[in-house]
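A.B. asks: sequence isn't available, so here's the structure alone:
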């Protein structure tokens, strides 16, 4: 998920046909939060490295990220994605109707974990990835040994430990504090993790289960 994701495809050339169709679906449904092209290409790379793998995704949106994955994954792979908006989930099911590898669920993201453990698990950067709360992904339960985890839509940070800008007296960015959600993943004892910068303003966390 990226706040300017769908718009970032304006002017993009040589997209895979399935990705183009998913972007058009996002535009027709006025959905702005599609997977950024740079993130999509990273997902395609990771998916191609998981032959016959089980790949999971939270936050289907209009299927742009799923299209990148499906384009690169091999014929024996299985892809399961979940979307909480029923109308979007149904539209994406129609988009992938001819691909027997793909299953699109409708519901909240924790329900996806019932279909694991996964070889590759892509977490939307929203509640399932950035908010450290009562419900959290447990890597040993969610991933097969050596399985990969991807969490998108971070703002790059060049110092350590990473910090995030908050609000003070209603002024955005006037106070900084430790980015505990990012540290949760980068320092997780069950993961070998790194942050990958995709653009000047966008990064993603890629991790592998130890």
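C.D. replies: The structure has been received and is ready for your questions. Keep in mind it's a predicted model, so treat the numbers as computed, not measured.

A.B. asks: ends of stretch 77-89, how far apart?
C.D. replies: Counting by Cα to Cα, to the nearest Å, you get 20 Å between the two ends of stretch 77-89.

A.B. asks: now stretch 153-161
C.D. replies: End-to-end distance for stretch 153-161, by Cα to Cα: 18 Å.

A.B. asks: now do that stretch: distance to the chain's middle.
C.D. replies: Remark: stretch 153-161 is offset 18 Å from the chain centroid, using Cα atoms, centre = their mean, to the nearest Å.

A.B. asks: likewise stretch 7-23?
C.D. replies: A distance of 17 Å separates the centroid of the chain from that of stretch 7-23, by Cα atoms, centre = their mean.

A.B. asks: need the residues that contact stretch 26-42.
C.D. replies: Outside stretch 26-42, the residues that touch it by Cβ atoms under 8 Å, 6 or more residues apart in numbering are 1-9, 12, 15, 19, 22-23, 43, 61-65, 67-68, 87-88, 91, 150, 152-153, 196, 198-199, 202, 204, 206. In this view, the C-beta of every residue, glycine as well, is placed from N, C-alpha and C.

A.B. asks: again, only using 7 Å
C.D. replies: 1-9, 12, 19, 23, 61-62, 64-65, 68, 88, 91, 152, 198-199, 202, 204 (Cβ atoms under 7 Å, 6 or more residues apart in numbering).

A.B. asks: so how do I select the buried members of the residues you listed in ChimeraX?
C.D. replies: In ChimeraX syntax, the buried subset of those is picked out as below (16 or more other Cβ atoms under 10 Å):
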select :1,2,5,6,8,9,19,23,61,62,64,65,68,88,91,152,198,202,204
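
A.B. asks: mind checking which of the contacts of stretch 26-42 are in helices?
C.D. replies: 19, 23, 64-65, 68, 88, 91 (DSSP state H).

A.B. asks: quick revisit: just the contacts of stretch 26-42: which are in strands?
C.D. replies: 152, 198-199, 202, 204 (DSSP state E).

A.B. asks: okay, these in CSV with distance to residue 120 and pLDDT next?
C.D. replies: Formatted as CSV, the ones in strands among the contacts of stretch 26-42 follow (distance: Cβ to Cβ, whole Å; pLDDT from 0 to 100):
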residue, distance to residue 120, pLDDT
152, 13, 91
198, 17, 96
199, 22, 95
202, 20, 95
204, 13, 95
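
A.B. asks: now, the most widely separated pair of the residues you listed?
C.D. replies: Using Cβ to Cβ, the two most remote members of those are 152 and 199, lying 12.0 Å apart.
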